[in-house]
Every structure is written in structure tokens, then in C-alpha cells.
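[1] I need the structure of the sequence given here:
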Amino acid sequence: MSNGFFKTGAVILAAGFSSRMGRCKALLDIEGASALRRASLSMHLAGVGDLVVVTGCYREDVELESACCGIRTVFNEHFEKGMFSSIQTGTAAISRETDAFFLLPVDIPLIRPATYTALRVAFLKNKNTAVVIPSFRGRTGHPPLISSELIPEILEWSGDGGLRAVLARHQKETLILEVPDEGTVMEMDTPKEFEALRSFAAKGRIPSKAECMAFLEMAGTPEKVRDHCFAVARLAGRLASHLENLIPVNCRLLEAAALLHDMARTWPNHAERAAAIVEKWGFPETADLIRYHMELPEGEPLLSDRSLLYLADKLTSGKKITSLEQKQASAENRFYGNPPALEAVSRRMQRAGDIAAAFEKCTEKSLDSILDSL
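    Numbering: from 1, shown residues only. Here you go, the predicted structure:
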């Protein structure tokens, strides 16, 4: 490692013809920023140092955008030969002080900063690792983090298979890292894929349903607990749907938090542990709801995203919807002879009852009728 520090760089591939898209993919607008800017910003936020953009077919346009992003470029004179020629061009331009580099096609621009950080940490923790590749729910994606020690081999390779063939020679030194980042497997080769990616980007601060499933899988959440999470999510979504035109509620945020609220249920201090994991991966709003699903803070409004998750959780026993009265009776049986525990449960049920009453007053609907319809 250079001077005792682990330095990472990146090669962003933006030299292709974009033939199936019909226009330069690097410059496509995603939520107010170009694909190139989105990709480079995530890298910068993760502390990735030396960034190199490989240009080709749309050289002048990509060079101009790169300059606006503060990124240096290198031109691939043989870009028509395909992606591996661009990989070799970019790899040759990486600083020799770099210990490892990310390799990212510009049409996969939605990698989260936390993913770059996780790949780097995994690389450092696992000795004799030459490559770390992210995987989303068992499907390998981008970007690989490649040891700079492989640069000479990449530059000298002239056989079939390109980079895939080079990396295959280092399979024993390759680590596959599971990440809850759907952006690692989302590309935009076609206009249809681009529209799907734009839609995904618009929801980027809330984990998608697939990302929620990835969190549950990575946490090893038992199936019984997952069933409970699914039931709470259905109920929370239904409650929010009756309120969304009356008060500010975020149905997608609420459902995501409900899916993940008990993902660490088998661990001590499970609410805080789950919240910390979700926050680490870039979802602070979701983490906030998870953090308070057991105990609401003092002064929390009776009708809020936090309160609705709290209520939905209290109205769900296992995977079945129940009433607060039934939940109270169950608690009295369970904690008979343990007055402090029973008092805590009773206090929570009372607060849930206050939220339920506020819900009925606001919606002018019976909570029981809504529960019966589920």
C-alpha cells in the first residue's frame, strides 16, 4: 500500500457508441444530473481518489462533462474495437500510487457510496484478495474492485474473453460480497431500461422492495419474523393509504421501514441494530422509523409515519392482525407475575390506543372495519 494508506481509484467507461440507446449514455439526465456526474459523485462521497473517464465515440461531449465534474479523461483511439480496449486504456492511465481501482461502465451509474466503501473494507479485511465483486441477491454486478497488481496482466492480455478471462485466472483470489444495493445490477442499454433506472433513482432515498429483501437475507432474519414484517408492512400501507390525502404520510417509506423493522429481531437491542445497518447503507429516513418502532419519543404526533408503524406493529401478532384488546390480554397472560414488564406493555398499548383513536377521528373510519378487510 502506498505510504501505508490504501488508495483506491476508478476507471469509468464512457467510450462506446450507445447504439441501442441512440444517444450518449454518459450525458443522460437522471434526477437533474448526468449519468457521469451521478457515478462520479457517489465515488467522491465514498472517498475514491483518482478517477479516469475513458472517452471515445462522443469524445468532445464527454470531455466537457468530465471537466465540469472535475474528472480527468483519456481518449481510447481504438474504441471501435470494443469495451476491453477501453478497459486497457483506462487501466493504463490509473495512477501508479493506487492500490486498487473500481471499474464501472457509465451506464450503471446508481451505485450507492456505501457500496464502494463496503467493497474497499472487504478488500482490506481479506488477505490475498485480488478482486472484490458486489452481488445483489445472488446476482453479481458492478463495479469490481481490482488490485493494481493485476494492471500489467490486463494491459498485456490479447486473448479471447477480455477482462472476464483475466479475472477468471484469479478466481481463488476473488471475493463475492453481498450488498443491499439494487443499483449494482441496473444498467441502461436501451430507452426502456433508462426509464426504469430513472424511476428507481427517483426513489433512491428509500430502499426498494428487492433491497428490503436483500437486507432480510443478509441479516439472516428467520422466516417466522419475516412473515411478521410482511404482515406489518401490509397493515401499515393500508393505514397510510387512508391518510395520504389528509395528512403528510409517505407510504413507500412506511412500507419499507415496516418490512425491515424486525430484521435484527434475534439480536440484542434489535431496533437500534437494524436502524444502524439501514442507515449505514444510505437510508437515514427509513432507519429513523425503524429506530422508534418499539418506543416512540416524547411529543411524537399521534399521526405520523413513526406513529403509524408503531400502531401497525402493535396490531400484528406473528403474521396475524389482532386487536389492541387481544394484544393486552395476551400480554397479561405472558407477563403474569412480572409487574414491571406488564406495566411497560400496558403503556405501549395505551399509546397505540391513542394513535388508533386519532386515526379514526381523522379518517372518519372504524379501525376494526379496516382490520376486518385485511
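[2] how close does the most centrally placed residue in the chain sit to residue 171?
    Geometric centre of the chain, nearest residue: residue 181, 3.7 Å, by CA atoms, centre = their mean. From residue 181 across to residue 171, the span is 23 Å (CB to CB, to the nearest Å). C-beta coordinates here come from the backbone N, C-alpha and C atoms, glycine included.
[3] Now do the helix ranked longest in the chain: which elements does it pack against?
    In the chain, assigned by DSSP state H, the helix with the most residues is helix 339-363. Applying 3 or more CB pairs under 8 Å, 6 or more residues apart in numbering; DSSP states H and E, we find helix 339-363 packed against helix 223-243, helix 305-314, helix 324-334, helix 367-372.
[4] Tell me the secondary structure at the residue of the chain most remote from its centre.
    No residue in the chain sits farther from the centre than residue 337, which is 44.2 Å out by CA atoms, centre = their mean. Classification of residue 337 by DSSP: H, G, I helix; E, B strand; the rest coil places it in coil.
[5] Equivalent analysis for residue 133, please.
    Using three-state DSSP as the criterion, the local structure at residue 133 reads strand.
[6] Can you tell me who the closest residue to residue 41 other than its chain neighbours pairs with across the strands?
    Spatially, and ignoring its direct neighbours in sequence, residue 41 is nearest to residue 33 (7.3 Å; CB to CB, 6 or more residues apart in numbering). Taking DSSP bridges as the rule, residue 33 bridges to residue 30.
[7] Residue numbering should commence at 25 henceforth.
    In the new numbering, first residue 25, that becomes residue 57.
[8] Is residue 241 in contact with residue 159, as I believe?
    No - between residue 241 and residue 159 there is no contact under CB atoms under 8 Å: 11.1 Å.
[9] Quick check: neighbours shared by the two?
    residue 202 (CB atoms under 8 Å, 6 or more residues apart in numbering).
[10] rewinding a little: gap between the residue farthest from the centre of the chain and residue 263?
    For residue 361, the distance to residue 263 - CB to CB - is 34 Å.
[11] circling back: centre of the chain versus the longest helix of the chain, how much separation?
    Relative to its chain's centre, helix 363-387 lies at 33 Å (CA atoms, centre = their mean, to the nearest Å).
[12] Would you confirm that the residue nearest to residue 65 contacts residue 66?
    No - using CB under 8 Å, residue 57 is not in contact with residue 66, being 10.7 Å away.
[13] what about the two, which has more around it?
    The neighbour count for residue 57 versus residue 66, taken as other CB atoms under 10 Å, is higher for residue 66 (21 against 16).
[14] Can you tell me the element the more buried one falls in?
    Per DSSP states H and E, residue 66 falls inside helix 59-69.
[15] May I see the buried residues of that helix?
    59, 60, 61, 62, 63, 64, 66, 67, 68 (16 or more other CB atoms under 10 Å).
[16] Just the local confidence number for the first one, please.
    It refers to residue 59. Residue 59 is assigned a pLDDT of 97 by the prediction.
[17] try residue 397
    For residue 397, the model assigns a pLDDT of 79.
[18] what does residue 244 give?
    Value listed for residue 244 in the pLDDT field: 97.
[19] What's the separation between the residue lying closest to it once chain neighbours are set aside and residue 233?
    Nearest residue to residue 244 in three dimensions, chain neighbours excluded: residue 290, at 7.9 Å (CB to CB, 6+ apart). The gap separating residue 290 from residue 233 is 22 Å, by CB to CB.
[20] Ok, residue 387 next?
    Distance of residue 387 to residue 233, computed by CB to CB: 26 Å.
[21] and those two? which has more neighbours close in?
    The neighbour comparison of residue 387 against residue 233 (other CB under 10 Å) goes to residue 387, with 17 against 13.
[22] Against residue 267, how distant is that one?
    6 Å.
[23] Same question for residue 65.
    Residue 65 is 35 Å from residue 267, by CB to CB.
[24] now do residue 174
    With CB to CB as the criterion, residue 174 and residue 267 are 55 Å apart.
[25] Could you find the closest non-adjacent residue to residue 259?
    With CB to CB, 6+ apart as the criterion, residue 259 has its nearest non-adjacent residue at 4.4 Å, and that residue is residue 336.
[26] whoops, I mixed them up, residue 294
    residue 288 (4.3 Å).
[27] swap in residue 36?
    residue 77 is the one closest to residue 36 (CB to CB, 6+ apart), at 4.8 Å.
[28] Next, the one you found: phi, psi?
    phi -100, psi 130 (degrees, to the nearest 10).
[29] I'd assumed residue 59 was in contact with it.
    No - Residue 77 is beyond contact range of residue 59, at 11.4 Å (criterion: CB under 8 Å).
[30] any shared contact partners between the two?
    Common neighbours of residue 77 and residue 59, using CB under 8 Å, 6+ apart, are 50, 130.
[31] So in the protein, where's the weakest helix or strand by average pLDDT?
    helix 348-358 (a mean of 80; mean pLDDT, DSSP states H and E).
[32] in the stretch 25-174 of the chain, what spans have low per-residue confidence?
    For the stretch 25-174 of the chain, the stretches flagged by pLDDT under 70 are 25-28.
[33] And the helices in it, which stretches?
    Here the stretch 25-174 of the chain has its helices, by DSSP state H, counting those that start in this stretch, at 59-69, 83-93, 107-117, 137-149.
[34] As CSV, the ones you listed with distance to residue 183 would be great.
    What follows is those, written out as CSV (distance: least, CB to CB, whole Å):
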stretch, distance to residue 183
helix 59-69, 29
helix 83-93, 28
helix 107-117, 10
helix 137-149, 26
